[in-house]
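1. what follows is a predicted protein model with its sequence.
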Amino acid sequence: MVFTEKQEALVKESWEILKEISQKIACVSSPLLEIAPAAKGMFSFLRDSDGIPQNNPKLKAHAVKVFKMTCESAIQLREKGKVTVADTTLKYLGSVHLKNGVLDPHFEVVKEALLRAIKEAVGEKWRDMNCTWVEAYDQLAAAIKAEMKEEAA
C-alpha cells in the first residue's frame with residue numbers, strides 16, 4: 001500500500017491540528033475506556049484507579065504515542081510503501097502488548113477511539129482524512145500484531 005502525497009499531507013495536517021489542541025489528544029482515553037472498560041486493566045498505571053480517568057498524564061502520554069506512531073506510519077507508507085518500525089521499538093511493542101494480553105479486538109477499540117478523537121479535533125476536514133488515518137493505523141497495528149505473533153512462537 002502506497003500513500004499518495006495528498007494522503008500524507010492530510011495526516012500531517014491533522015497531526016498539526018492535534019498538537020495545537022493537545023487536550024484533544026487526551027480525549028482518546030475516555031472513548032477507549034468507555035468503549036472497553038476492561039481495557040483499563042491492560043494499563044499498569046490505571047489498574048488501581050477508580051472509574052474512567054479523565055486527566056491521567058500517563059494515559060495521555062500513551063495516546064500521544066499512538067497518534068504520533070500512526071502519523072509516522074502514514075509518512076512511511078508514502079515514502080517506502082510500507083510501515084517500518086525500528087526493530088527494537090517493534091520488539092518492545094510486541095512484547096508489551098503480548099504481556100498485557102492485547103488481542104485483535106483491542107486494536108479495533110483503540111482505532112475507534114483514535115478516529116473519534118481525530119474527527120472531533122478536525123471537524124469538517126474529517127471526510128477527507130478518515131480513510132487515510134484508518135489505513136495508517138491498520139498498517140501500524142498489523143506490524144505490531146506480526147511482532148506479537150513472532151514473540152509468542
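-> Structure's in. What do you need?
2. where in the chain is pLDDT low?
-> Scanning the chain for pLDDT under 70 picks out 1-2, 18-30, 51-54.
3. one more pass at 90, please.
-> Where the chain drops to pLDDT under 90, the residues are 1-91, 100-106, 109-133, 135-136, 151-153.
4. for the most centrally placed residue in it, which three-state class applies?
-> The centroid of the chain falls nearest to Val66 when counting by CA atoms, centre = their mean (3.4 Å). Here Val66 is helix, with the state taken from DSSP: H, G, I helix; E, B strand; the rest coil.
5. pretty sure it is touching Lys111, no?
-> No: with contact defined as CB atoms under 8 Å, Val66 does not reach Lys111; the gap is 9.5 Å. Where you see a C-beta, it was placed from the backbone N, CA and C, and this is true even at glycine.
6. now the helices for the protein?
-> Ranges of helices within the chain are 5-20, 22-26, 29-35, 57-80, 87-99, 104-122, 126-152, based on DSSP state H.
7. in JSON lines: the ones you listed, plus distance to Gly41.
-> Listed next are the helices of the chain as JSON lines, based on distance: least, CB to CB, whole Å:
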{"stretch": "helix 5-20", "distance to Gly41": "27"}
{"stretch": "helix 22-26", "distance to Gly41": "20"}
{"stretch": "helix 29-35", "distance to Gly41": "10"}
{"stretch": "helix 57-80", "distance to Gly41": "13"}
{"stretch": "helix 87-99", "distance to Gly41": "13"}
{"stretch": "helix 104-122", "distance to Gly41": "11"}
{"stretch": "helix 126-152", "distance to Gly41": "18"}
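8. nearest to Ser44, out of these?
-> helix 57-80 (8.8 Å; CB to CB).
9. tell me the gap between that closest one and the middle of its chain.
-> 6 Å (CA atoms, centre = their mean, to the nearest Å).
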